[in-house]
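J.: sequence? don't have it. structure:
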Ligand SMILES: NC(=O)c1ccc[n+]([C@@H]2O[C@H](COP(=O)([O-])OP(=O)(O)OC[C@H]3O[C@@H](n4cnc5c(N)ncnc54)[C@H](O)[C@@H]3O)[C@@H](O)[C@H]2O)c1
């Protein structure tokens, strides 16, 4: 089987390629990535060890030749996106271009080439906005509260329209927060781990009482594999491991695992319009047989170990001019 993966040099995309290339040496995986600031070239170097992986550097929002590249692919898993909420609050343009126009180019190619049997459209719990109690079902109203979430919700709506109008074989999957190896150190858990390793202050938004539901990235890969096999065209699926934690409690666990003092945590002004809690009901994918394999504590131990053992990977990003500029601008007091 030939699978195209967009955004395969980012966090979840690279974990997915790693997982699928190892498990299915008979598959042929083609990785389409623009290599933005979010893609570490060291990740691509890691993926190059797989003989059944090939790489094309491409901007999916611009590339008109995308049809030729996807021509013989039976499955497409579309991860490529601008993903950092904080960056979307500073400047949303790249989010609109990649997340919406990029998705349009992919589904338009699928519509024209007609050979794709399954398109897995990767989305997020953020499209629903915050929920105080209970969980959102797959047909809940979309109510995004930041430009990142709005761009993802727009892409989802576009995909739904293509399912209805052109019957493209799409499955939409919305995940809760992922964590694990190869995640960019601008994101909450990797930033905390790497700053703690470096004995640097760890920024915490407001009081840290915001709740997030955490899913270990390998479980995400397993869910996608299941949906490639058994996901029904036209359906939306939610994936979570039902592991809600307050941000402050996650930081305390990380510091305990690394044997560092909680004094490293520093409260910084809260994010604009910060969603307090996300939650998804997941019966639909559970009925297909999905069960997460890793609990939060086990996943966190593995994640911390990975960042401790792979410092070359994240220091490469943290020492870059791009990251230094971003960090100084975002946390002038740290
Ligand atoms: N990380 C999470 O917790 C999470 C949770 C739910 C859903 N998601 C969704 O999963 C997907 C992957 O998220 P991630 O955290 O791995 O993202 P990431 O930011 O780590 O990686 C994104 C990748 O997309 C590539 N990319 C960006 N613009 C591109 C373009 N125009 N053309 C081609 N490639 C481009 C980047 O180079 C990078 O490799 C996204 O669609 C995101 O919305 C993420």
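T.: Cool, the structure landed. Bear in mind the structure is a predicted one, so any value in this text is a computation, not a measurement. Numbers count the residues shown, from 1 in each chain.
J.: make it CA atoms for all contacts and neighbour counts henceforth
T.: Fine.
J.: Other residues contacting stretch 10-21?
T.: With contacts defined as CA atoms under 8 Å, 6 or more residues apart in numbering, stretch 10-21 is touched by 5-8, 27-29, 38-40, 43, 47, 50, 52-53, 79-80, 178, 181-184, 217-218, 221.
J.: An error on my part: the question was meant for stretch 192-203.
T.: Residues external to stretch 192-203 that are found in contact with it (CA under 8 Å, 6+ apart): 185, 191, 251, 254-255, 258, 260, 264-268, 304, 307-308, 314, 331, 334.
J.: Please repeat the previous calculation with a cut-off of 7 Å.
T.: 251, 254-255, 260, 264-268, 304, 334 (CA atoms under 7 Å, 6 or more residues apart in numbering).
J.: what's the answer for stretch 227-240, then?
T.: So stretch 227-240 is in contact with 118, 138, 163, 169-176, 215, 280-282, 284-285, going by CA under 7 Å, 6+ apart.
J.: and if we set it to 8 Å?
T.: Residues from elsewhere that reach stretch 227-240, judged by CA under 8 Å, 6+ apart: 75, 118, 120, 138, 160, 163, 169-176, 213-215, 220, 223, 280-282, 284-285, 288, 292.
J.: So what does residue 244 have for phi and psi?
T.: Residue 244 has phi and psi values of phi -80, psi 140 when expressed as degrees, to the nearest 10.
J.: ok, how many other residues are close to it?
T.: By the criterion of other CA atoms under 10 Å, residue 244 has 20 neighbours.
J.: host element of residue 222?
T.: Assignment of secondary structure by DSSP states H and E places residue 222 within helix 217-230.
J.: Whichever helix or strand comes after that helix and the ligand, any residue contact?
T.: Downstream of helix 217-230, the first helix or strand assigned by DSSP H and E is strand 236-239. No - counting by CA under 6 Å from any ligand atom, the ligand has no neighbours in strand 236-239; the shortest distance is 9.2 Å.
J.: Just the ones of the contacts of stretch 227-240 in strands?
T.: Among these, the members found in strands (DSSP state E) are 75, 118, 120, 170-175, 213-215.
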